[in-house]
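Undergrad: Build me a model from this:
(one chain, ligands or ions: 2)
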Amino acid sequence: MIISITTLKGGTGKSTISQNLAVCFAEMGYKVAIVDTDLNSSSVHWSGLRPEEHKSVPAFGLTSADALRKNIKELSNSYEVIIIDGTPSINRLVSTILLLGDIVLIPIRPSGLDIWATEKFLDKYEQAKALKEEINAHFLLNMYDERMSFNRESKEVLDEMGIPTLKTTIKNRIAYPEATAMGMGVFEHGDPKAKAEMVELTKEVLALLESVTA
Ligand SMILES: Nc1ncnc2c1ncn2[C@@H]1O[C@H](COP(=O)(O)OP(=O)(O)OP(=O)(O)O)[C@@H](O)[C@H]1O
Ligand SMILES: [Mg+2]
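TA: Numbering: from 1, shown residues only. Ligands and ions are numbered 1, 2, ... in the order given. This is a model prediction of the structure:
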């Protein structure tokens, strides 16, 4: 199974969500790897920081569309779950990431700027759809706070964009950067609320994957 995590905007939580999902899948007993497509290699660095006693989550850097296409097949033979941590650019790499995913997650922070970037992203998405009709894409609200009206309004704007939004939302929690800095996921570190929302996200993604791969 390949899970692609992509947007055109930087800093929306692609790497954080890739790493945390990977840890949850590893804890559930899946053999999992991250493919890091970003030149800043943050998931590769994160993987290097992982404490020895924790479940293994290797990360491989593949930063061009051709390298990704060529290597993903072999990686798929070795790992049950591959999470592609995307890169914020408008090049061919993003189209390849969109096309390779059995499911595509698009993390969005509920701010005006992110929503604007999402509109540009949709052009890319439509182009990819011309090549592969069934792109199983979902928005994922990150750093979401339901108590704030502009957060709820952002959700309504997304609802009109023709891509469904996952039921699970991820809140703004200090546990995320803290766990990242230690090469961990929130499943392994501290905050039970963060752990619970990540487990919920993992289950929702698994259910969606089961419905497409069945
Ligand atoms: N739910 C969250 N709560 C608190 N902090 C978060 C959350 N999600 C992400 N962050 C923080 O926001 C920053 C950006 O997140 P991250 O690096 O995951 O984004 P990205 O989309 O991978 O960025 P880039 O486009 O630069 O690769 C990081 O400092 C991360 O720790
Ligand atoms: Mg990143």
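Undergrad: Which stretches in the protein count as helices?
TA: Secondary structure of the chain (DSSP state H): helices located at 14-27, 42-49, 65-78, 92-100, 112-131, 149-159, 175-181, 192-213.
Undergrad: Can you check what angle separates the second one from helix 14-27?
TA: Taking axes from the mean of the first three to the mean of the last three Cα atoms, to 10 degrees, one finds that helix 42-49 is oriented at 40 degrees with respect to helix 14-27.
Undergrad: mean confidence score for helix 42-49?
TA: The average of the pLDDT scores along helix 42-49 is 98.
Undergrad: can you dump the C-alpha coordinates of the worst-scoring helix or strand of the chain on mean pLDDT into CSV?
TA: The weakest-scoring helix or strand in the chain, judged by mean pLDDT, DSSP states H and E, is helix 112-131 (a mean of 78). Presented in CSV, the C-alpha positions along helix 112-131 are these (Å, rounded to 0.1, in the frame of the first residue of the first chain):
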residue,chain,number,x,y,z
GLY,A,112,-6.6,31.7,4.2
LEU,A,113,-3.1,31.2,2.7
ASP,A,114,-3.3,27.5,2.8
ILE,A,115,-6.8,27.5,1.2
TRP,A,116,-5.5,29.7,-1.6
ALA,A,117,-2.5,27.4,-2.2
THR,A,118,-5.0,24.5,-2.3
GLU,A,119,-6.8,26.1,-5.2
LYS,A,120,-3.5,26.0,-7.2
PHE,A,121,-3.0,22.5,-6.1
LEU,A,122,-6.3,21.5,-7.6
ASP,A,123,-5.0,22.4,-11.1
LYS,A,124,-2.2,19.9,-10.5
TYR,A,125,-4.7,17.4,-9.3
GLU,A,126,-7.0,17.8,-12.3
GLN,A,127,-3.9,17.3,-14.6
ALA,A,128,-3.0,14.1,-12.8
LYS,A,129,-6.6,12.9,-13.0
ALA,A,130,-6.5,13.2,-16.8
LEU,A,131,-3.8,10.4,-16.6
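Undergrad: Leu39 contacts Thr87, doesn't it?
TA: Yes. Using Cβ atoms under 8 Å, Leu39 makes contact with Thr87 at a distance of 7.2 Å. Heads up, the C-betas are built off the backbone N, CA and C, glycines and all.
Undergrad: more crowded one of these two?
TA: Looking at Leu39 and Thr87 with other Cβ atoms under 10 Å, you find the greater number of neighbours at Thr87, namely 21 against 10.
Undergrad: what about whatever residue of the chain ends up closest to ligand 2, how many residues close to it?
TA: Distances between the chain and ligand 2 by Cβ to the ion are smallest at Ser15, namely 3.2 Å. A count of neighbours around Ser15, defined by other Cβ under 10 Å, yields 25.
Undergrad: confidence score at it?
TA: So Ser15 comes in at 98 (pLDDT).
Undergrad: What sits closest to it if chain neighbours are left out?
TA: If you skip the residues right next to it in sequence, Ser15 has Ser42 as its closest partner in space, 4.7 Å away by Cβ to Cβ, 6 or more residues apart in numbering.
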